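**Student:** sequence plus the predicted model coming up.
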Amino acid sequence: MSVKIVIVGAGPGGITVANRLAFLAPEDWQIIVVSASRHFTFQTGWLKVALGQENPQRLKKPLTNLLQPRVTLRLCLCRGIDVTKRMVVLDGGRLEYDFLVLATGCVPNPSMVDGLQEGALHFHDEAAALRLREVLSQFEGGRIVVGVGGFPYKCPPSPIEFTCLLHEYLVKRGIRSRTELVYATPLPRVFHMEPLVPIFEERFDEEGIVAATFFTLERMEPDQKKAISMDGQELTADLFVLVPPHQGAEMVRTNGLGDPKGYLNVDRTTLKVVGLERVYALGDGTNLPTPKALTAAQKQGQVVADNLLAESQGRELRSYNGQVGCLIEVGNGLATLAIFDYDNPPRPPKPTTDLFRAKRKLQNFVLQSLRLPV
Ligand SMILES: Cc1cc2nc3c(=O)[nH]c(=O)nc-3n(C[C@H](O)[C@H](O)[C@H](O)COP(=O)(O)OP(=O)(O)OC[C@H]3O[C@@H](n4cnc5c(N)ncnc54)[C@H](O)[C@@H]3O)c2cc1C
């Protein structure tokens, strides 16, 4: 019996589901990807764009080159879903489904914190990364505060990784000696995962980076160049680089499909959307207790594809174990690796140049692996 799968969103999550099904699903299944954009964007590279080390055009790949030939691409925005009629509402049409997959990601929203939009820059979308690049290129010394402007946000290590790489950038430009570099976080230590803390602390000590912990941003006063925490602490800086809190996709928010921030409520093992029949979700747009990371979206994509097949054939569903793997740059040409799941914390090795090289090759590796069923 022909089965119609509609996948909304073509980031690593949506692409993985589509391509795995293209290899594994019976020939008469229809696999349709609805995407608002004709390109896949390798968001990881925005960090390097901000530091003037990457061209944003190089991060975009046409979806037609990444999706398997049997996958149909519908280039349009999905406006909503009608679960009773098993239908998605598109810009200019409707599409029926037997199974629906929501892989719509999340986006930074600085307006969630008073003054953050005007008071700080960031690198979590292309336009913001280009703006930061411009401002950094004109920076001639002073005090920079980098950090976390609110939760949740994608790629938990990205602000601390950026801090280490910004140190190198300032050294190369010859202005590190006249720049004070501060890392601000709401956490009681520099990173939430305890095994990674000594690695970053060592780097901070070596490079003279100051940590401001327990700093939960409440508001900014851009005119005063000031950030104020919930308990009244103040940080001043010539330049703030604060990753804003993120929220779920507009379609999820406007249709009331998720929690108040627009994150879909998903069963953490089956990846089915709680309370909705024949609807799965994965990746950054969910409230799964995993980091919002590309590798998590890829792993979840495999489980979603397998579970769609299993559910349609009346077989037992597979369990997602929360697996994520992150290569994390710590500066000085070094990187470490954190692999973990719901039950096992990471055991990161001492940072090495080999892992650094692996991280540099990540983009090509990801683009290749997205095309495969695994
Ligand atoms: C600066 C930065 C550095 C990062 N570094 C790393 C790293 O080193 N390692 C790592 O693992 N991860 C990293 N990440 C995180 C990684 O990029 C994301 O976790 C990953 O892209 C999530 O994939 P996704 O498929 O869930 O969502 P996305 O990649 O965001 O894709 C969602 C897609 O859905 C589309 N969409 C949304 N709504 C609709 C709609 N209504 N209709 C049609 N289409 C829609 C969007 O346009 C988008 O194309 C980084 C992210 C950033 C910003």
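**Tutor:** Yep, that arrived.

**Student:** taking the stretch 201-350 of the chain, what residue is nearest to the ligand?
**Tutor:** Residue nearest to the ligand within the stretch 201-350 of the chain (Cβ to the nearest ligand atom): Gly283, separated by 2.1 Å. C-beta coordinates here come from the backbone N, C-alpha and C atoms, glycine included.

**Student:** pretty sure that residue contacts Gln43?
**Tutor:** No - applying Cβ atoms under 8 Å as the test, Gly283 and Gln43 come out as separate, 11.7 Å apart.

**Student:** so which residues of this structure form helices?
**Tutor:** All helices of the chain, identified by DSSP state H, fall at 12-24, 46-50, 63-66, 116-119, 126-138, 158-172, 197-207, 250-254, 294-312, 353-360, 362-370.

**Student:** worst mean pLDDT across the helices and strands of this structure, which element?
**Tutor:** One helix or strand of the chain scores below all others by mean pLDDT, DSSP states H and E: helix 362-370, with a mean of 87.

**Student:** give me the helices and strands touching that helix, please.
**Tutor:** The elements that helix 362-370 packs onto, with contact taken as 3 or more Cβ pairs under 8 Å, 6 or more residues apart in numbering; DSSP states H and E, are helix 12-24, helix 294-312.

**Student:** do that helix and the ligand meet at all?
**Tutor:** No - using Cβ under 6 Å from any ligand atom, helix 362-370 never reaches the ligand; the gap is at least 6.9 Å.

**Student:** now that helix: buried residues?
**Tutor:** Neighbour counts using 16 or more other Cβ atoms under 10 Å place 362-363, 366-367, 370 of helix 362-370 among the buried residues.

**Student:** contacts only, for the residue in the stretch 51-200 of the chain positioned nearest to the ligand.
**Tutor:** For the stretch 51-200 of the chain and the ligand, the shortest gap (Cβ to the nearest ligand atom) falls at Gly105, measuring 2.4 Å. Applying Cβ atoms under 8 Å, 6 or more residues apart in numbering, we find Gly105 in contact with 9, 11, 13, 249, 283-285.

**Student:** Pro62 too?
**Tutor:** 38-40.

**Student:** repeat that for Tyr183.
**Tutor:** Per Cβ under 8 Å, 6+ apart, neighbours of Tyr183: 145-147, 159-160, 163, 190, 204, 209-212.

**Student:** and those, which of them are buried?
**Tutor:** 145-147, 159-160, 163, 190, 204, 209, 211-212.

**Student:** ok, so of the residues you listed, who is nearest Tyr169?
**Tutor:** Thr163 (10.6 Å; Cβ to Cβ).

**Student:** quick check: pLDDT value at the closest one.
**Tutor:** pLDDT recorded at Thr163 is 98.

**Student:** isn't it up against Val146?
**Tutor:** Yes - with contact defined as Cβ under 8 Å, Thr163 reaches Val146; the gap is 4.6 Å.

**Student:** contacts only, for the spatially most central residue of the chain.
**Tutor:** Residue closest to the mean C-alpha point of the chain, counted by Cα atoms, centre = their mean, is Lys154 at 3.5 Å. Lys154 sits next to 43, 106, 124, 246, 284, 292-293 when contact means Cβ under 8 Å, 6+ apart.

**Student:** now Phe340
**Tutor:** Contacts of Phe340 (Cβ under 8 Å, 6+ apart): 193, 322-324, 346.

**Student:** go on, Thr270?
**Tutor:** 307, 317-320.

**Student:** what about stretch 127-145 and the ligand, touching?
**Tutor:** No - contact of stretch 127-145 with the ligand (Cβ under 6 Å from any ligand atom) is absent, the minimum separation being 7.4 Å.

**Student:** near the ligand, which residues of the stretch 1-150 of the chain? Just list them.
**Tutor:** So the stretch 1-150 of the chain meets the ligand at 8-14, 34-37, 43-44, 46-47, 77-78, 103-105, 123-124 (Cβ under 6 Å from any ligand atom).

**Student:** mind giving me the PyMOL select for the residues you listed, buried ones only?
**Tutor:** Of those, the buried ones can be selected in PyMOL as follows, counting by 16+ other Cβ under 10 Å:
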select buried, resi 8+9+10+11+12+13+14+34+35+36+43+44+46+47+78+103+104+105+123+124
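
**Student:** just the ones of the residues of the stretch 1-150 of the chain next to the ligand in strands?
**Tutor:** 8, 34-35, 78 (DSSP state E).

**Student:** most widely separated two among those residues?
**Tutor:** Ser35 and Cys78 (9.1 Å).

**Student:** OK, contacts around the spatially closest residue to Pro152 that is not a sequence neighbour?
**Tutor:** Leaving aside its sequence neighbours, Pro152 sits nearest to His246 (Cβ to Cβ, 6 or more residues apart in numbering; 5.8 Å). Residues in contact with His246, defined by Cβ under 8 Å, 6+ apart, are 106-109, 124, 152-154, 284, 292.
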